[in-house]
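**Student:** need the 3D shape of this:
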Amino acid sequence: MRKFITKRLLQSIVILFFVSFIIYGIMRCMPSSYVETQARALSTQPGAKSYDEWITQLNEAYGLDVGVIQGYGKWLSKAIVCDFGDSWYWNVPVTVKFGKVIWHSFALGMASFILEVVIAIPLGIISARKQYSKTDYAVTVIALMGISIPSFFLATLLKYIFSVKLGWFDLFGVVGRMHEQLSPFGQFLDVAKHFVLPVITLTIISMGSLMRYTRTNMLEVLNADFIRTARAKGLTEKRVVNYHAFRNTLIPIVTLLGSSIPNLFAGAMVTETIFQIPGIGYTSYQSMVQGDIPFTMFYMVFLAFLTLLGTVIADVLYAVVDPRVRVN
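**Tutor:** Just a heads-up that it's a prediction; the model follows:
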């Protein structure tokens, strides 16, 4: 297992190197750039240099006057020591801005992840146990709705109903107008209240696939020979399902959940943008719109790192959950 993990980590490093190079090349080809915007703004000031002179000066200052390979080499030499430069739009180091916004995304992702697991897996098991019943059809409809409804539509609908019509929640933000005057516990409740609609949005759109995945695997296990043997021995249906069937269904589910754990830090760009939650997704969207290459580059490489980490975690969890799996 140790050799397997080491091998996968080395492979991930090589893949991350090539992925980051591709991302850097794409970033250099962005149609919108902070350099162009800044040069245009500076050239309009009284007695300022021309637009072309500002472009040349800013490109030299940000290292954009050299080729892609040379520029990537400079970026990589700094990125190895966790120096991703300063954000052009936010005017702070990229890592500093990342440290300020990541915890909003983590809280949002963790809450939705817990609700997804608590709701989707039991409903998937119940749907499999009562195949072709009204309960099964109801769960299937809920799952398909969660899979099919776009997040921006669901978020907008929830805001219209619960914020505009009922007035239960604020339209956007993470704190209310009277936040500073509340007690520490009141401030916590205020923040939690602003996270209700975003968490509901992420939970609904993410639990559908897990629900269907659980149902499919549970049906496959319930039709296996060892389940029929357990029933023939006179075991209760509750023990057959909860002990024998669920343990074998848990293997692929844990693998799936393992690959989704890094997504807790990835942020939800659409949901965070609609509710204006200052998480990593919303911040990255603002950076992309403004042509902030350093922060956008960091965010894209960060997503690639999380994806590779998720695959490694999923493989390791599969071997941990199922003792029959051994790696040569």
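
**Student:** show me the helices in the protein, by range?
**Tutor:** For the chain, the helices defined by DSSP state H occupy 2-28, 34-43, 51-61, 68-79, 94-129, 134-148, 151-158, 184-222, 225-232, 237-239, 246-260, 269-275, 280-289, 293-321.

**Student:** neighbouring contacts of stretch 259-272?
**Tutor:** The contact list for stretch 259-272 (Cβ atoms under 8 Å, 6 or more residues apart in numbering) reads 102, 104-106, 108-110, 113, 151-152, 155, 198, 201-202, 277-282, 284-285, 302-303, 306-307, 309-311, 313-314. (Glycine included, C-beta is placed from N, CA and C.)

**Student:** separate out the buried members of these.
**Tutor:** With burial judged by 16 or more other Cβ atoms under 10 Å, the buried subset of the contacts of stretch 259-272 is 102, 104-106, 108-109, 113, 151, 155, 198, 201-202, 277, 279-282, 284-285, 302-303, 306-307, 309-311, 313-314.

**Student:** need the nearest residue in space to Ala245, chain neighbours excluded.
**Tutor:** Among residues not flanking Ala245 along the chain, Val221 sits closest, at 4.7 Å (Cβ to Cβ, 6 or more residues apart in numbering).

**Student:** my error: substitute Ile253 in the last question.
**Tutor:** Closest residue to Ile253 apart from its sequence neighbours, by Cβ to Cβ, 6+ apart: Thr214 at 6.1 Å.

**Student:** check contacts around that neighbour.
**Tutor:** 120-121, 123-125, 128, 249, 253.

**Student:** do the same with Ile114
**Tutor:** Contacts of Ile114 by Cβ under 8 Å, 6+ apart: none found.

**Student:** next, count neighbours for Leu171.
**Tutor:** Leu171 has 14 neighbours, counted by other Cβ atoms under 10 Å.

**Student:** just Ser50 next, same as before
**Tutor:** The burial count for Ser50: 11, using other Cβ under 10 Å.

**Student:** quick one: residues contacting it.
**Tutor:** Ser43.

**Student:** how close does it get to Ser43?
**Tutor:** For Ser50, the distance to Ser43 (Cβ to Cβ, to the nearest Å) stands at 6 Å.

**Student:** swap in Asn223?
**Tutor:** Distance from Asn223 to Ser43, counting by Cβ to Cβ: 72 Å.

**Student:** so for the two, which residue has more residues nearby?
**Tutor:** The neighbour count for Asn223 versus Ser43, taken as other Cβ under 10 Å, is higher for Ser43 (15 against 10).

**Student:** and the pLDDT for that one?
**Tutor:** Ser43 carries a pLDDT value of 78.

**Student:** shaky segments in the stretch 101-250 of the chain?
**Tutor:** Counting by pLDDT under 70, the stretch 101-250 of the chain contains no low-confidence segment.

**Student:** got the contact list for stretch 222-235?
**Tutor:** Contacts for stretch 222-235 (Cβ under 8 Å, 6+ apart): 128-129, 221, 237, 239-241, 244-245, 248.

**Student:** what about 7 Å?
**Tutor:** Defining contact as Cβ atoms under 7 Å, 6 or more residues apart in numbering, one finds that stretch 222-235 is touched by 128, 221, 240, 244-245.

**Student:** then stretch 57-73?
**Tutor:** Residues contacting stretch 57-73 (Cβ under 7 Å, 6+ apart): 21, 24-25, 28, 35, 38-39, 74.

**Student:** if you set the cut-off to 6 Å instead, what comes out?
**Tutor:** With contacts defined as Cβ atoms under 6 Å, 6 or more residues apart in numbering, stretch 57-73 is touched by 21, 24-25, 28, 35, 39, 74.
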